[in-house]
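# pasting the sequence and the predicted model now:
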Amino acid sequence: MQATVENLDTAKVKLVLDFEADEVQKAYNQVLKSVSKDVKIPGFRPGQVPKNILESRLQPLVVKQYVLEKLVENNLEKTLKEKNLKIFSQPMLEEFDREFVYDKNLSLPFTVELIPSLNENPSYKGQKIVVLEEELDVEAEIPKQLTILAKAKGELLEDVEIVEEFDRISIDYEGKFTDNSFMPDAKGKNKTVTVTEKNFAPGLLNKLIGCKKGEEKEITITFPEYYVDGAFAGKEASFKVKINNISRQKPLVIDDELAKQFDCENLEALKEKIKKEYEEEIQKEALYAKNLAIINHIAEANPLEIPAWLNEKISANYTKVLEQDEEHVHDENFDHDHDHDDEDEENHENKKEYTLELTPLLKKQILNKAKVEIFFLHLLDLEKVPINNEEFSQSIKFQDMYYKQIYKKPLPDKYKQQLFVQFVFKSTLNWLVDNNEFEIIKVKPDSNSEDKIKLEKIAAEMALALED
């Protein structure tokens, strides 16, 4: 077998495997020998069926497919290593002579997408990186959390007439971008939401304060320039909203009796519990800030050319959206600041494909995610980053158990592969955190300083790169 490589584009090549007739014939004989063990023909033992009888019982196209798989299995991976071709995705077999016979030469052409190259001196280890971290006031948070807990245990007042902040309201809504581009999850009926500034679509629900039950209102909002969902960033949208129902929880008195409902001896013990939980949350946020600083440094400090073919491929992953047929009304959560449960991808009934507008922020998010993922692929090879296979196996067992409970079948292999990629990404990121120096800059949450704006910008631009 001979292999030739031809450059097609940046980080894309054509790999042709040329097989001599005797190699094709050998693969054919191996397939027949393997198949004969499973074929049951009266009068012959398994594996002892004469070749001419076996050939007469098999479908020619199926045998050819097995022969191709045998040739590829025996030669493709070995050739990629010999040619030092670091693949980005599984090589694709292009058009070839499908009428081939086993006593003649055969050429198999593959399109191979490669991992784009790094610059000669990548910047990633032992770097002094600035971490912008919000300065949170633990003591100021305690009264806020006590109020929330008091409401959670309080009496539920149904059929309230006028909307107030923090009420639970049931709404019908329909939204659209004013430029008429596609908006995902734009319809909903009887959606229950809590009236806050940031919930649902930013600023929308607070404009319902003072509205009455049954009232309909049309509201126009503009999504922030650095909105976490880049497809919405900076865009103006109009929403028609109808308020179906309003409910409100009357808060309990904040005292020792309230504390006992949360398994605390007294109010002071509940305050300590809140403080401890909030401090743990701050630690998680601090780690996230470090991770954010690391991947932002990678994207900014390591020039990396993303080939056009790769840019198109990854952009399509984030701009193509499956939506319900327009005849079917959604009941989806529009809150893009939170994760959503994955749908069973086999359930595409009454769904159509739409394309999101590639806004400047979404384009930057996609580009940064690609840069970081490609960099990590190189880093695994450069630094031999340790991967804890036992920890991953435990994670897979848990995911498989959960999947079986929900879908009544084992976790598909492709999901296991995705989980492994995520696990490797996390392991590599943890390695980077352990091998960098940090300069911490605290940013007050209510500040309009340049550092605060910079933090919001980085968080938005790197949102996809840190997603699970």
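Structure received. Quantities reported herein were computed from a predicted structural model and do not represent experimental measurements.
# hmm, Ile254 is touching Glu268, no?
No - if you go by CB atoms under 8 Å, Ile254 and Glu268 don't touch, sitting 11.9 Å apart. C-betas here are computed from N, CA, C, even on glycine.
# pick out whichever of these two has more residues nearby.
Each of Ile254 and Glu268 has its neighbours counted (other CB atoms under 10 Å); Ile254 has more, 16 against 11.
# now the strands for the chain?
Ranges of strands in the chain, per DSSP state E, are 2-9, 12-19, 92-93, 106-113, 128-134, 155-157, 168-177, 187-194, 216-222, 236-250, 320-324, 351-355, 437-443.
# could I get those strands as a markdown table with distance to Lys33?
A markdown table is the format used below for the strands of the chain (distance: least, CB to CB, whole Å):
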| stretch | distance to Lys33 |
| --- | --- |
| strand 2-9 | 26 |
| strand 12-19 | 19 |
| strand 92-93 | 24 |
| strand 106-113 | 20 |
| strand 128-134 | 59 |
| strand 155-157 | 73 |
| strand 168-177 | 62 |
| strand 187-194 | 59 |
| strand 216-222 | 69 |
| strand 236-250 | 65 |
| strand 320-324 | 45 |
| strand 351-355 | 45 |
| strand 437-443 | 61 |
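# so which of the ones you listed comes closest to Glu305?
Minimum separation from Glu305 across the strands of the chain (CB to CB) falls at strand 2-9, 11.4 Å.
# now the closest one: buried residues?
Ala3 (16 or more other CB atoms under 10 Å).
# show me what that strand is packed up against.
Secondary-structure packing of strand 2-9 (3 or more CB pairs under 8 Å, 6 or more residues apart in numbering; DSSP states H and E): strand 12-19.
# contacts for the strand it packs on, please.
1-8, 71-72, 75-76, 79-80, 83, 85, 91, 94, 105-114, 307, 309 (CB atoms under 8 Å, 6 or more residues apart in numbering).
# cool, stretch 383-393 as well?
Contacts for stretch 383-393 (CB under 8 Å, 6+ apart): 125, 379, 419-420, 423-424, 427-428, 431.
# could I get the strands of the chain in CSV, plus columns for mean pLDDT and distance to Glu391?
Below are these laid out as CSV (pLDDT from 0 to 100; distance: least, CB to CB, whole Å):
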stretch, mean pLDDT, distance to Glu391
strand 2-9, 94, 38
strand 12-19, 96, 35
strand 92-93, 93, 33
strand 106-113, 95, 30
strand 128-134, 90, 26
strand 155-157, 89, 43
strand 168-177, 95, 40
strand 187-194, 93, 37
strand 216-222, 96, 44
strand 236-250, 95, 42
strand 320-324, 81, 33
strand 351-355, 87, 37
strand 437-443, 89, 25
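# which stretch among these approaches Ile374 most closely?
Among the strands of the chain, if distance is taken as CB to CB, the winner is strand 106-113, at 11.6 Å.
# does Pro303 touch Asn119 like I think?
Yes - if you go by CB under 8 Å, Pro303 and Asn119 touch, sitting 5.7 Å apart.
# one step back: and the contacts of stretch 383-393, which two are the farthest apart?
Checking the contacts of stretch 383-393 with CB to CB, the most distant pair is Lys125 and Leu419, at 27.0 Å.
# which one of the two has more residues nearby?
Between Lys125 and Leu419, counted using other CB under 10 Å, Leu419 has the larger neighbour count: 17 against 12.
# in the stretch 301-450 of the chain, where is pLDDT below threshold?
324-350, 447 (pLDDT under 70).
# show me where it has helices.
For the stretch 301-450 of the chain, applying DSSP state H, counting those that start in this stretch gives helices covering 308-319, 360-383, 389-407, 413-434, 450-461.
# make TSV out of the ones you listed and add distance to Lys213.
As requested, the helices of the stretch 301-450 of the chain are arranged in TSV below (distance: least, CB to CB, whole Å):
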stretch	distance to Lys213
helix 308-319	39
helix 360-383	37
helix 389-407	36
helix 413-434	44
helix 450-461	36
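# winner for burial among the ones you listed?
helix 360-383 (a mean of 19; mean count of other CB atoms under 10 Å).
# check contacts around Gln261.
Lys153.
# how about it, phi and psi?
Backbone geometry at Gln261, expressed as degrees, to the nearest 10, gives phi -70, psi -10.
# from Leu252, how far out is it?
From Gln261 across to Leu252, the span is 8 Å (CB to CB, to the nearest Å).
# same check, this time on Tyr318
Taking CB to CB as the measure, Tyr318 and Leu252 are separated by 45 Å.
# same question, Tyr66
71 Å.
# quick check: pLDDT value at Asn52.
With respect to pLDDT, Asn52 scores 66.
# now Leu32
pLDDT recorded at Leu32 is 81.
# you'd agree it is up against Glu55?
Yes - counting by CB under 8 Å, Glu55 is a contact partner of Leu32 at 7.5 Å.
# compare those two (neighbour count), which wins?
With neighbours defined as other CB under 10 Å, Leu32 and Glu55 compare such that Leu32 has more, 18 against 13.
# check the offset of stretch 20-36 from the chain's centre.
42 Å (CA atoms, centre = their mean, to the nearest Å).
# list the buried residues for it?
23-28, 31-32, 35-36.
# how long is stretch 182-196 from one end to the other?
The first and final residues of stretch 182-196 sit 26 Å from each other (CA to CA, to the nearest Å).
# excluding its backbone neighbours, what's nearest Leu367?
The shortest distance from Leu367 to any non-neighbouring residue, by CB to CB, 6 or more residues apart in numbering, is to Ile306 (6.2 Å).
# count of neighbours near the one you found?
Ile306 has 16 nearby residues by other CB under 10 Å.
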